[in-house]
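S.K.: Predicted model follows, preceded by the sequence.
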Amino acid sequence: MTDELQQRSESAQLGQMQLEQRVLGSRKSSNYLIGAMISIGGIGFLLASISSYFGQDFLPLGHPGSFIFVPQGLIMGLYGIAAFLLALYQWALVWVDFGAGKNLFDKDSGKLSVSRRALFKRIDLEIPLKDVKAVKIEVREGFNPRRRISLRVKGRKDMPLTSVGQLQPLEELEKEGAELARFLGVNLEGM
């Protein structure tokens, strides 16, 4: 029984020396839905353009074969190509899982390691923990709402830690920010 308690206390001490946070990337259901809608719309516009060029209906809805190609069919073809390129970009972001990564706060080494996936490379950043001045919580409501946790780092701009587009409940955001400030031994700002 004492061995089990000793193992628990050792793992608790290790947990107090390191804090790891996972950051979600672009593999969210909303991005899959948007990618599918853009793809379907782009295919529809391209089929309407091809239908107007050949004078036959390749779409089961409407009668795009009756459109005149030069003004209408051509514009629909351009819309279809633009939607195809936009969908290709959206699916590339989902495939790469853009923005995913982790934040590792290590008191043993005295460093903060931030890693994120970008489109063509991986971004890794190391900052000394002694340069962290405070944990900042930003809450902005309205047309473009923002709820995020960022770090005030000496000699740098504020560094966001939470994923983009993720609106956490305020209670969860406060709890996570307070836990991080307590772990780092710095002030919590913005509340």
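M.R.: Structure received. In this text, all values refer to a predicted model and were calculated from it rather than measured experimentally. Numbers count the residues shown, from 1 in each chain.

S.K.: Show me what the top helix by length along the chain is packed up against.
M.R.: Counting residues, the longest helix found in the chain (DSSP state H) is helix 29-54. Applying 3 or more Cβ pairs under 8 Å, 6 or more residues apart in numbering; DSSP states H and E, one finds that helix 29-54 contacts helix 74-96. Yep, even glycine has a C-beta here, placed from its N, CA and C like the rest.

S.K.: quick one on the thing from earlier: how distant is the longest helix of the chain from the center of its chain?
M.R.: When C-alpha coordinates are averaged (Cα atoms, centre = their mean, to the nearest Å), helix 29-54 and its chain have centres 24 Å apart.

S.K.: the inter-axis angle of that helix versus helix 74-96?
M.R.: Counting by axes from the mean of the first three to the mean of the last three Cα atoms, to 10 degrees, helix 29-54 lies at 150 degrees to helix 74-96.

S.K.: Show me which residues of helix 29-54 are buried.
M.R.: For helix 29-54, the neighbour count (16 or more other Cβ atoms under 10 Å) marks 31, 35, 38-39, 41-42, 44-53 as buried.

S.K.: swap in stretch 89-99?
M.R.: So, applying 16+ other Cβ under 10 Å, buried residues of stretch 89-99: 90, 91, 93, 94, 96, 98, 99.

S.K.: May I ask which two of the residues you listed are separated the most?
M.R.: 91 and 99 (15.3 Å; Cβ to Cβ).

S.K.: got any ranges where the chain has weak pLDDT?
M.R.: 1-15, 191 (pLDDT under 70).

S.K.: can you give me the helices in it?
M.R.: 2-17, 29-54, 74-96, 170-184.

S.K.: Turn those into a markdown table, columns for distance to residue 122.
M.R.: Converted to a markdown table, the helices of the chain look like this (distance: least, Cβ to Cβ, whole Å):
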| stretch | distance to residue 122 |
| --- | --- |
| helix 2-17 | 25 |
| helix 29-54 | 20 |
| helix 74-96 | 10 |
| helix 170-184 | 23 |
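
S.K.: Cheers, nothing more for now.
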